[in-house]
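**Student:** how would this look folded up:
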Amino acid sequence: MPRNRMIKLDFWSDQKVGKSTNDAKLLFIGLWNLCDDSGVCRSDPMYIRSQLFPYSSFTLGDIEKWLSELEQNCLIERVVQRNEIYCIVLNFLKHQVIRKPSVFRYLDDSAPLVTYSDSLVRTKEKEKEKEKEKESVSSSSKTTAHIENVVDYLNSATGKKFNAKTKKTCSLISARLRDGYSVDDLKKVIDIKTSQWLDDEKMNAYLRPQTLFSEKFESYLNETPQQTLEDIGQNFTNVFNEIFGRENAK
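**Tutor:** You can find the predicted model right below:
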């Protein structure tokens, strides 16, 4: 509960007070009125403004700025207890004479206490951890979608039924993606090796994630797809049409 407090003459010549702006000095004096008899008050800017500056145009940002200034000048210390921020007016009892002290106290000796700066650091660390978790979940979701895309493409090309959730398959495809290869690169390897091995009774068994996306992936990626009879026939047709098409044009 707000109480009357005393301003000593040496307040005005105090070096720490002298470093503070006039607005911060006014706030500092006002905090004394809000303090319990041990020199502790709430540090909520909205509460402080409503109690000390109800008719002013001061913003909550102004209050917070002056509180920070007072703390930097070692006139107050902000602490956190049970998720509530409090101001401790340093040397309060040295300058105030409390004749009939109230039993009310903002701070509870039995509850843990941390400084406001440490609390801010912990809060920022928690926020960073949450952001990392979100990024991790987002990245994981994208990777899962890529794996499913690649496995579906492999199954379609080979007529097989590989499971996109198999631990080994996920590990191999994820490793190639982390190496910087794209989904299109993985599909290209599927196309290359399918053209070479699909109709080979022995090699067809190696059209599988363990082989295609292993440590030989890069060498597979740089191979040339094997031409099928259909491709050869189409190429012959294209050449034939080009040659005789020119002669007919003449």
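**Student:** roughly how far apart are the residue nearest to residue 6 when sequence neighbours are not counted and residue 7?
**Tutor:** Nearest non-adjacent residue to residue 6, counting by CB to CB, 6 or more residues apart in numbering: residue 96, 6.2 Å away. To be clear about C-beta, it is placed using only N, CA and C from the backbone, and glycine gets the same treatment. Using CB to CB, to the nearest Å, residue 96 is found at 10 Å from residue 7.
**Student:** settle it for me: which of the two has more neighbours?
**Tutor:** residue 96 (17 against 11; other CB atoms under 10 Å).
**Student:** ok, the more buried one touching residue 29?
**Tutor:** No. Under the criterion of CB atoms under 8 Å, residue 96 makes no contact with residue 29, lying 11.8 Å away.
**Student:** if I look at these two, which residues touch both of them?
**Tutor:** residue 5 (CB atoms under 8 Å, 6 or more residues apart in numbering).
**Student:** in this structure, which spans are strands?
**Tutor:** With strands called from DSSP state E, the chain shows them at 40-42, 76-81, 84-89, 114-115.
**Student:** give me the helices and strands touching the shortest one, please.
**Tutor:** The helices and strands touching strand 114-115, judged by 3 or more CB pairs under 8 Å, 6 or more residues apart in numbering; DSSP states H and E, are strand 76-81.
**Student:** picking up where we left off before, now for the residue nearest to residue 6: which residues touch it?
**Tutor:** Residue 96 neighbours (CB under 8 Å, 6+ apart): 5-6, 32, 39.
**Student:** ok, and the most crowded of these?
**Tutor:** Per-residue neighbour counts (other CB under 10 Å) across the contacts of residue 96 peak at residue 39, which has 21 neighbours.
**Student:** from residue 131, how far off is that one?
**Tutor:** For residue 39 relative to residue 131 (CB to CB), the value is 38 Å.
**Student:** same deal with residue 150?
**Tutor:** For residue 150 relative to residue 131 (CB to CB), the value is 29 Å.
**Student:** who has more neighbours, those two?
**Tutor:** residue 150 (27 against 10).
**Student:** quick check: chain neighbours aside, which residue is closest to that one?
**Tutor:** Using CB to CB, 6+ apart, the closest residue to residue 150 is residue 186 (4.8 Å).
**Student:** what of residue 203?
**Tutor:** residue 197 (3.8 Å).
**Student:** which residues does that neighbour contact?
**Tutor:** By CB under 8 Å, 6+ apart, the neighbours of residue 197 are 203-204, 206-207.
**Student:** which of these are buried? Put it as a PyMOL command.
**Tutor:** Burial among those is assessed by 16 or more other CB atoms under 10 Å; the matching PyMOL selection reads:
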select buried, resi 207
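**Student:** per-residue pLDDT, the most centrally placed residue in the chain?
**Tutor:** In the chain, the centroid-proximal residue (CA atoms, centre = their mean) is residue 131; its distance is 2.0 Å. What the model reports as pLDDT for residue 131 is 76.
**Student:** what's the answer for the one 5 residues further on, then?
**Tutor:** If you check residue 136, the pLDDT there is 62.
**Student:** next: the one 4 residues further on.
**Tutor:** In this model, residue 140 is scored at 78, pLDDT.
**Student:** likewise for residue 250?
**Tutor:** 49.
**Student:** just to revisit the earlier point, with pLDDT and distance to residue 154 added, can I get the contacts of residue 197 in a markdown table?
**Tutor:** Output for those, formatted as a markdown table (pLDDT from 0 to 100; distance: CB to CB, whole Å):
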| residue | pLDDT | distance to residue 154 |
| --- | --- | --- |
| 203 | 93 | 15 |
| 204 | 94 | 13 |
| 206 | 94 | 12 |
| 207 | 95 | 8 |
